[in-house]
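S.K.: What follows is a predicted structure for the sequence shown.
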Amino acid sequence: MTDRMQARLVFFLLFAAVIMWNVYRSGRKKDLKENAGTIIMPVHLMMVIIVCTAAVITSEMTLRSFGILRQDLGTEYYLWMMTVVITAGIYWSVLVLLKKHLRSTYTAYTCTLLWLMPNFLFFTMYRWAAPVPLAVITIPSGFTKTIFYIWAAGFLAVSAYYLITHFIVRRKMMSGIREPDEKTKALWKETLHETRADNVKCKLAVSPALKSPLTIGIFNFTMVLLLPEKEYTEEELRMIFRHELVHLIRGDSKSKLSIAFFTAMNWFNPFMYPAMKHMSEDMELSCDEIVTAEYDREKRRKYAELILNNTAETKGFTTCLSASAEGLRYRLHEIIHQTKRKQGWLTAGLLCICLMYANGIVTFSENRGTLKEYLPEKYLPAEVSVFDGTMTHYTCVNPEGLYEQLSSMPVATVPFGMDEHDAGREYTVVRLKNENSEYISLTFIRNTVQIWNMTDDSEEGIYNIQMNTKGLTDQFMGYLIPAE
């Protein structure tokens, strides 16, 4: 196993371990804050990744514009972005189809985390994390940027819709708000103290525009817990506060922002919109699990009645006590009966690894032609090394013939990187030299060839071979003799 493969494995195992630990410890703590504090998805991390990715693209494109770097990184990242988007879209489509099975088998917390897992795919948007593809889908030359612009227009339109809707809803809900009475404020502070959540900073207010309690806001300094103009008993207020506290501690509004971001990225996928809806439902179910963990049956019944009497539709990045009448029957049944389900920590970890490894197995390419188009002029094969468990060296006795065979190979550019021995199995290296004894090498691994300039130790390009590569090395043997 090569250094690159080991790095990818360790990297993916690390993320899987974090997910498995979060799932394993979910529901095991008696304390509400410790239980709710199992963060489902750190959206701040997602934002950092996006910013870093943008910085990498900008800097490398600048370097290439000055001729310091040679490949068209812009197109490469467009193609890789397409790969990430398609992988995530397929994943969510499968999850939508398996929704009933997942809910009947695993806890609501685990189901919520599964919806959010593709956030980790951003970590694979770097060349060192990309695998050697098993298949390449070729896009006609020149269409990549056109497709990207169409996708970007849809992404911006859907993103703008979600953001504008959020701000319109926030403005409407915040219109005419007032401070609650002293008794309610005292009860809120008491609940914060009881749950050891005194560090939670969230304004408490009453809004005439509401039918159900909710928390609205994306950032900590914009968070507001809003109550409708209703009379609640002290017990009901405690239930409401505990419910919203779970959302606040866990940062669920940020998780909703992250899933909205991916929905915008997959705006063309019809499965994404029900996926976003199901994630919100599972998030509320997981919140109910935590709030009612220590309730007896009678208190769970009262909690269910509170949910039933406060049903309301909401939009924007909010966490609502009872967000939708649809699916309410299932939610009330779960609150009262609390069906025992698996945590599924091992399943979540394995799914994380499979998802990250699957990303890039099938990728896209814009440029398709023959290897001759990518080989420098006046270079002819001189030496060949074959590794099939042991390294064997050969000398080329018919450079023109081998060059003709090499240059006629159909290839396509692919957005990924690899080491010389990336597959860790069989590979063949063909070294070509010119009249000045300057060398380039062609490394053949599975269905891929990497061109490397050995003079200045720089990569010229990586290409997918668009033909059956079985027995390819054997075809070279007619032009070779064992080296002395």
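M.R.: Arrived safely, thanks for sending.

S.K.: distance of the residue lying closest to His243 once chain neighbours are set aside from Arg238?
M.R.: Excluding its sequence neighbours, the residue lying closest to His243 (C-beta to C-beta, 6 or more residues apart in numbering) is Val291, at 5.2 Å. (Glycine included, C-beta is placed from N, CA and C.) Look at Val291 and Arg238: by C-beta to C-beta, to the nearest Å, they are 10 Å apart.

S.K.: Which of the two has more residues huddled nearby?
M.R.: Using other C-beta atoms under 10 Å as the criterion, Val291 and Arg238 rank with Val291 on top: 24 against 17.

S.K.: OK, contacts around the more buried one?
M.R.: Leu32, Met239, Arg242, His243, Val246, Tyr303 (C-beta atoms under 8 Å, 6 or more residues apart in numbering).

S.K.: Report the secondary structure state of the fifth one.
M.R.: Following DSSP: H, G, I helix; E, B strand; the rest coil, we place Val246 in the helix state.

S.K.: quick one: buried residues of stretch 399-412?
M.R.: Buried residues in stretch 399-412, defined by neighbour count with 16 or more other C-beta atoms under 10 Å: Leu402, Tyr403, Gln405, Leu406, Met409, Val411, Ala412.

S.K.: Can you give me the pLDDT of the fourth one?
M.R.: The model reports Leu406 with a pLDDT of 89.

S.K.: For it, pull up the helix or strand it's in.
M.R.: If you go by DSSP states H and E, Leu406 is part of helix 399-407.

S.K.: What pairs with the following helix or strand past that helix, parallel or antiparallel?
M.R.: Per DSSP H and E, the first helix or strand lying C-terminal to helix 399-407 is strand 410-413. If you go by DSSP bridges, strand 410-413 pairs up with strand 368-370 (antiparallel), strand 458-465 (antiparallel).

S.K.: what about strand 410-413, average pLDDT?
M.R.: For strand 410-413, mean pLDDT rounds to 80.

S.K.: got it, and stretch 305-325?
M.R.: In the prediction, stretch 305-325 has an average pLDDT of 70.

S.K.: And stretch 245-254, by the same measure?
M.R.: 84.

S.K.: Just give me how far it sits from the chain centre.
M.R.: 20 Å (C-alpha atoms, centre = their mean, to the nearest Å).

S.K.: Repeat that for stretch 282-297.
M.R.: Distance, centroid of stretch 282-297 to centroid of chain: 27 Å (C-alpha atoms, centre = their mean).

S.K.: go on, stretch 107-124?
M.R.: The chain centre lies 8 Å from the centre of stretch 107-124; the measure is C-alpha atoms, centre = their mean.

S.K.: May I see the buried residues of it?
M.R.: So stretch 107-124, judged by 16+ other C-beta under 10 Å, has buried residues 107-124.

S.K.: and those residues, which of them are in helices?
M.R.: Within these, residues falling in helices by DSSP state H are Ala108, Tyr109, Thr110, Cys111, Thr112, Leu113, Leu114, Trp115, Leu116.

S.K.: quick one: which of these is nearest Ile335?
M.R.: For these, the minimum distance to Ile335 (C-beta to C-beta) is 10.9 Å, reached by Ala108.

S.K.: tell me which residues in stretch 228-236 are buried?
M.R.: Pro228, Tyr232, Glu236.

S.K.: show me what contacts the last one?
M.R.: What it means is Glu236. Lys302, Leu306.

S.K.: what's the helix or strand for it?
M.R.: With elements taken from DSSP H and E, the one containing Glu236 is helix 234-250.
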